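S.K.: From the sequence below, what's the structure:
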Amino acid sequence: MADELDLLRRANPVPVDGPHYGDGPLDHDAERRLNRLLHEPPAARRTRLAWSLAATLVVAATALALLLGGPSTAPAIAAPRPLVVRTDSPPVSLRELADRAERQVAAPGAPTLRKGTHVQSWSLGMSDDKPPVTLPEERVVRWKADGSHTELVVATDPRHPGRPVLRDDGDAPHLVEDGHVVSRQTYPPSWSDAPPESPPPHDTARLLAYLQEASYTKTALTTPELLDAVGQLLGHWTLGARESATLARLLAQTGGLRPAGRVTDRLGRSAEAYVYTGAGTRRLLIMAPSTGAVLGLETVFTRADPEYGVKAGDVMEYSAWMR
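M.R.: Residues are numbered from 1 along each chain as shown. Okay, the predicted model is just below:
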């Protein structure tokens with residue numbers, strides 16, 4: 001399992017600083033490991049991991065007891081706190097960020113558009129009779145030349161490497177080992193030309209229409225709807241420099257997004273943050289300061305909901321995209 005987690009992290013390394021943000025291609029060894037993880041028969045994988053499961057059983061049981069031990073017990077796996085925006089540097093407007101992104105389009109080695117995605121996400125699972133729990137996972141989607149694609153979902157939390165990870169698969173919340181494969185699917189060829197399956201266009205008017213069609217919305221997109229559509233786009237495509245510049249320019253034309261300052265995202269990347277405050281929630285758009293690429297989206301509750309055990313400041317969901 002350590003090998004598989006190492007694959008996911010080394011396949012898209014994330015430096016703390018610098019302009020590249022983990023956009024290097026997979027090396028030969030990483031590709032070999034990814035193929036093994038995606039296609040290895042489940043029986044062979046179970047044999048290889050039997051010792052790991054046995055070794056972590058006592059640790060997982062102890063952590064679960066701490067997690068669910070009672071209302072006064074501090075959770076063994078805490079929910080992520082909202083990202084903290086730093087005010088030690090002047091905020092960068094979305095217009096300026098779009099200008100920077102456009103200057104990167106012709107830069108040597110600029111990234112190109114690729115179908116598929118690699119994302120870390122955290123989401124809040126809520127019910128009316130249990131405390132809310134945060135469920136972290138990592139998703140890798142890779143497309144092949146014949147139009148088929150694979151999807152691998154792994155339970156892992158980069159904030160606590162190696163620790164058991166909380167899952168809620170319809171039963172009571174329970175812990176699984178770090179790197180537990182939640183699902184592994186291979187899908188047949190698909191040649192749909194409807195958004196978001198078709199490549200995103202390179203001008204803002206057509207991109208807005210594309211996102212509206214992908215959202216199945218006949219009216220003009222509100223700012224929250226546009227941010228949701230951006231998340232949907234990034235769930236299908238890893239944008240290149242040209243596509244990131246077009247998206248940054250479109251976001252610069254959108255009302256309601258306020259430049260807030262610098263943040264360090266949950267993968268250690270320095271970024272610019274843009275805030276939209278709506279009814280009961282705050283949306284944080286996280287973008288690379290030099291390329292304008294969207295690195296993440298965060299939604300935070302701004303008021304409590306006692307019925308679901310939600311407090312103001314709880315993170316509802318968070319996504320961090322990588323190349």
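S.K.: mind checking the SS state of residue 244?
M.R.: State at residue 244, reduced to three classes by DSSP: H, G, I helix; E, B strand; the rest coil: helix.
S.K.: What sits closest to it if chain neighbours are left out?
M.R.: Sequence neighbours aside, residue 293 is the residue nearest to residue 244 in space, at 4.4 Å (criterion: CB to CB, 6 or more residues apart in numbering). For every residue, glycine as well, the C-beta is placed using N, CA and C.
S.K.: got the contact list for the helix or strand containing residue 142?
M.R.: Here residue 142 sits within strand 133-143, counting by DSSP states H and E. The contact list for strand 133-143 (CB atoms under 8 Å, 6 or more residues apart in numbering) reads 8, 11, 34, 38, 77-80, 115-125, 149-157, 159, 165-168, 173, 182, 236, 315.
S.K.: Hmm, residue 198 is touching residue 191, no?
M.R.: No - Residue 198 lies out of contact with residue 191 (CB atoms under 8 Å); the separation is 9.8 Å.
S.K.: who has more neighbours, the two?
M.R.: The neighbour count for residue 198 versus residue 191, taken as other CB atoms under 10 Å, is higher for residue 198 (15 against 7).
S.K.: for the more buried one, what are its contacts?
M.R.: Here residue 198 is in contact with 192, 210 (CB under 8 Å, 6+ apart).
S.K.: follow-up on the earlier one: go through the strand holding residue 142 and flag the buried ones.
M.R.: Buried residues in strand 133-143, defined by neighbour count with 16 or more other CB atoms under 10 Å: 133-143.
S.K.: Could you export the residues you listed as a markdown table, including pLDDT and distance to residue 274?
M.R.: Below are these laid out as a markdown table (pLDDT from 0 to 100; distance: CB to CB, whole Å):
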| residue | pLDDT | distance to residue 274 |
| --- | --- | --- |
| 133 | 75 | 29 |
| 134 | 80 | 24 |
| 135 | 86 | 26 |
| 136 | 91 | 24 |
| 137 | 93 | 25 |
| 138 | 95 | 25 |
| 139 | 97 | 24 |
| 140 | 97 | 27 |
| 141 | 97 | 26 |
| 142 | 97 | 30 |
| 143 | 95 | 30 |
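S.K.: Using a markdown table, lay out these together with distance to residue 218.
M.R.: Shown next, in a markdown table, are those (distance: CB to CB, whole Å):
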| residue | distance to residue 218 |
| --- | --- |
| 133 | 36 |
| 134 | 35 |
| 135 | 33 |
| 136 | 35 |
| 137 | 33 |
| 138 | 35 |
| 139 | 30 |
| 140 | 34 |
| 141 | 28 |
| 142 | 33 |
| 143 | 30 |
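S.K.: Show me which of the residues you listed is closest to residue 106.
M.R.: Within the buried residues of strand 133-143, the smallest distance to residue 106 is 26.3 Å, found for residue 143 (CB to CB).
S.K.: where along the protein do the helices fall?
M.R.: Applying DSSP state H to the chain gives helices spanning 2-11, 28-39, 42-67, 94-104, 204-214, 223-234, 241-252.
S.K.: Lowest average pLDDT across those?
M.R.: Within the helices of the chain, confidence is poorest for helix 42-67, with a mean of 34 (mean pLDDT).
S.K.: what residues are up against residue 83?
M.R.: Applying CB under 8 Å, 6+ apart, we find residue 83 in contact with 263-266, 273, 284, 286, 298.
S.K.: The same query, at a cut-off of 7 Å, please.
M.R.: Shown in contact with residue 83 (CB atoms under 7 Å, 6 or more residues apart in numbering): 263, 265, 284, 298.
S.K.: In strands, which of those appear?
M.R.: Mapping the contacts of residue 83 onto strands (DSSP state E) picks out 263, 284, 298.
S.K.: and which of the buried residues of strand 133-143 is nearest to residue 279?
M.R.: Of all these, residue 279 sits closest to residue 134, with 22.6 Å by CB to CB.
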